[in-house]
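Asker: quick one, what's the 3D model for this:
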Amino acid sequence: MSAPENTVISSSKAAARMREAAIEAFAENGYGSTTTRQIAARLDMSPAAMYPHYKSKEELLYAIAYEGHDLALRVVRDADLPDADAIARLISIIRRFVEWQAQNHRRARVIQYELTALEPDHYRVITGLRRDTTKVVRDVVDLGIASGQFTVPDAEGVTLALMSLCVDICRWYRPVATASPALSALSMPTCHYGWWGRFTDLLRSRRRTRPPQTAADPVRHPTCGSHRCAALIAARREPPASSARPLPLPGFLQAQASPPAGALPR
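Answerer: Reported below is the predicted structural model:
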């Protein structure tokens, strides 16, 4: 941990416990509806005991946001494969970034959706970390375009779409109460075909034939909202075979057990 980072986050065990308690409180109630007294109560301590570590609730949020965004940046940098081609690099980065967003969904939800509560100076620091994270993906997209592996009209738009798909996982993801660590919504065959399939479509720069839609398929899929998924369900069809099939899902996305009824978010 670098000196500047240590100054922001504080390496003491007590401060780490405060950050974890605050993440849980902010994720459950929102930053605006959470008080330092409520955070302290989770730790069986008085609010005054928090002040030597964090002088305000905003300073605590800043430490959480800095730590989370710094971790996310390290994740995408470590996932990059500099000696591989653009396709392999992008798959590795997105795969690991998705994993991190799911495995840390409560932390991610706080650092993504409570940033407007930060003071301007703190906000600028966090946006700098976010730009650095996005740049890792953008550099690989640019490399793929230059090498002819990607055919996309707008590198900036594609990068924004990829990053948005990844970070938005924290908004809807909820762990299924099974022994499997799978992302149940993404591991369903139809949603696998929709979400992961669209991503691999981009990498392969080819368009997959859509299943036919008829008047018998008027409803959207309850999880991902896709007519395409609804058509697959109604027709009881598998995704198209051959080379157009999506790349295999990461292991943590592959369901090992069917989720219980009603477990998937709408």
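Asker: buried stuff in the one helix or strand Ile94 maps to?
Answerer: Applying DSSP states H and E as the criterion places Ile94 in helix 86-103. If you call a residue buried by 16 or more other Cβ atoms under 10 Å, then helix 86-103 has these buried ones: 86-87, 89-102. Glycine gets a C-beta too; all of them are placed from N, C-alpha and C.
Asker: likewise stretch 65-75?
Answerer: Applying 16+ other Cβ under 10 Å to stretch 65-75 flags Ala65, Tyr66, Glu67, Gly68, His69, Asp70, Ala72, Leu73, Val75 as buried.
Asker: which residues does that stretch contact?
Answerer: 5, 8-9, 19, 96-97, 100, 104, 107-108, 110-111, 114-115, 118, 122, 125-126, 129-130, 132-133, 136 (Cβ atoms under 8 Å, 6 or more residues apart in numbering).
Asker: at 7 Å what do you get?
Answerer: By Cβ atoms under 7 Å, 6 or more residues apart in numbering, the residues outside stretch 65-75 that reach it are 5, 8-9, 19, 96-97, 100, 107-108, 111, 115, 118, 125-126, 129-130, 132-133.
Asker: in terms of pLDDT, where does the residue lying closest to Ala79 once chain neighbours are set aside sit?
Answerer: Take Ala79 and drop its neighbours on the chain: the residue closest to it by Cβ to Cβ, 6 or more residues apart in numbering is Arg96, 3.6 Å away. On pLDDT, Arg96 comes in at 92.
Asker: check the one 3 residues further on too.
Answerer: Glu99 is assigned 90 on the pLDDT scale.
Asker: so where is this structure shaky, pLDDT-wise?
Answerer: Under the criterion pLDDT under 70, the flagged ranges of the chain are 1-7, 176-266.
Asker: would you agree Pro97 is in contact with Cys166?
Answerer: Just to correct that, residue 97 is Phe rather than Pro. Yes: using Cβ atoms under 7 Å, Phe97 is in contact with Cys166, at 4.8 Å.
Asker: and the longest helix seen in the chain, what does it pack against?
Answerer: Ordering each helix of the chain by length in residues (DSSP state H) puts helix 120-147 first. Secondary-structure packing of helix 120-147 (3 or more Cβ pairs under 7 Å, 6 or more residues apart in numbering; DSSP states H and E): helix 57-79, helix 86-103, helix 155-167.
Asker: okay, those helices in JSON lines with distance to Ala14 next?
Answerer: Shown next, in JSON lines, are these (distance: least, Cβ to Cβ, whole Å):
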{"stretch": "helix 57-79", "distance to Ala14": "12"}
{"stretch": "helix 86-103", "distance to Ala14": "25"}
{"stretch": "helix 155-167", "distance to Ala14": "30"}
